[in-house]
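Asks: Pasting the sequence and the predicted model now:
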Amino acid sequence: MNTPALTLDDAQKLIIGKYLQMQFNQLLGLELLSFDNTQIKLIFNNKSQLIGNFEQQILHGGVIAAVLDVASSVICFCNALSRITSLSKEALKDPLSAFATIDLNINYLRPGRGKKFIASGKIIRTGNKISVARAELHNNENKHIATGIATCLVG
């Protein structure tokens, strides 16, 4: 049985939706703020489950790393979709199973204080097998909290 073809835009929305529906990402409270083929912005609210230091009320470092990983890996995968000639839900199963973050470096620039946070991911370089993206986390006062560079296996 043939599955219906998807446009690139529909395929990217499907992938973003799958990421945002993952239980861990739902626990983080990630929501899509904006997206194009080279950049994504995600937003989430601070909440007690994400706090790593209750005295200072700052985000856990692992939460920061996870959010930067999601922002960078989603943009790498969505960008890689532009090289797949036949897009369908069935055709996306193989790339989805082979996709992985293979390196993630985080620079924590200041404590994760804020009510809301915006994570942005932007493609630096993409190839047939590997893509590299930069991700940044800012709080609601536009203070730069952390930066990450992710290398993702995309093919």
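Replies: That came through fine. Please read these numbers as outputs of a predicted model, since none were measured by experiment. Residues are numbered from 1 along each chain as shown.
Asks: where does the protein have low pLDDT?
Replies: 1-3, 85-97 (pLDDT under 70).
Asks: Helices along that one, start to end?
Replies: Per DSSP state H, the chain carries helices over the ranges 8-21, 23-28, 61-80, 93-98.
Asks: Show me what counts as buried in the third one.
Replies: Neighbour counts using 16 or more other C-beta atoms under 10 Å place 63-80 of helix 61-80 among the buried residues. For every residue, glycine as well, the C-beta is placed using N, CA and C.
Asks: now do stretch 47-61
Replies: 50, 51, 58, 59.
Asks: ok, the third one touching residue 113?
Replies: Yes. Here residue 58 lies in contact with residue 113, judged by C-beta atoms under 8 Å, at a distance of 5.5 Å.
Asks: Contact partners for residue 62?
Replies: By C-beta atoms under 8 Å, 6 or more residues apart in numbering, residue 62 lies in contact with residue 52.
Asks: how far does stretch 103-118 stretch from start to finish?
Replies: Stretch 103-118 has an end-to-end distance of 22 Å (C-alpha to C-alpha, to the nearest Å).
Asks: Then stretch 121-133?
Replies: From its first residue to its last, stretch 121-133 covers 7 Å (C-alpha to C-alpha).
Asks: one step back: export the helices of the chain as a markdown table, with columns for distance to residue 117.
Replies: Output for the helices of the chain, formatted as a markdown table (distance: least, C-beta to C-beta, whole Å):
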| stretch | distance to residue 117 |
| --- | --- |
| helix 8-21 | 15 |
| helix 23-28 | 10 |
| helix 61-80 | 7 |
| helix 93-98 | 27 |
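Asks: isn't residue 129 right next to residue 155, touching?
Replies: Yes. With contact defined as C-beta under 8 Å, residue 129 reaches residue 155; the gap is 4.6 Å.
Asks: These two - which one has more neighbours?
Replies: residue 155 (15 against 11; other C-beta atoms under 10 Å).
Asks: who's in contact with the more buried one?
Replies: Residues counted as contacts of residue 155 (C-beta under 8 Å, 6+ apart) are 80, 83, 95, 98, 127, 128, 129, 130.
Asks: could you list every residue that touches the residue nearest the centre of the chain?
Replies: The centre of the chain sits closest to residue 71, judged by C-alpha atoms, centre = their mean, with a distance of 2.0 Å. By C-beta under 8 Å, 6+ apart, the contact list for residue 71 reads 40, 41, 42, 119, 120, 121, 133, 135.
Asks: Might you report the residue contacts of the nearest residue to residue 99 once chain neighbours are set aside?
Replies: Nearest non-adjacent residue to residue 99, counting by C-beta to C-beta, 6 or more residues apart in numbering: residue 77, 5.5 Å away. Residues in contact with residue 77 (C-beta under 8 Å, 6+ apart) are 15, 95, 99, 152, 154.
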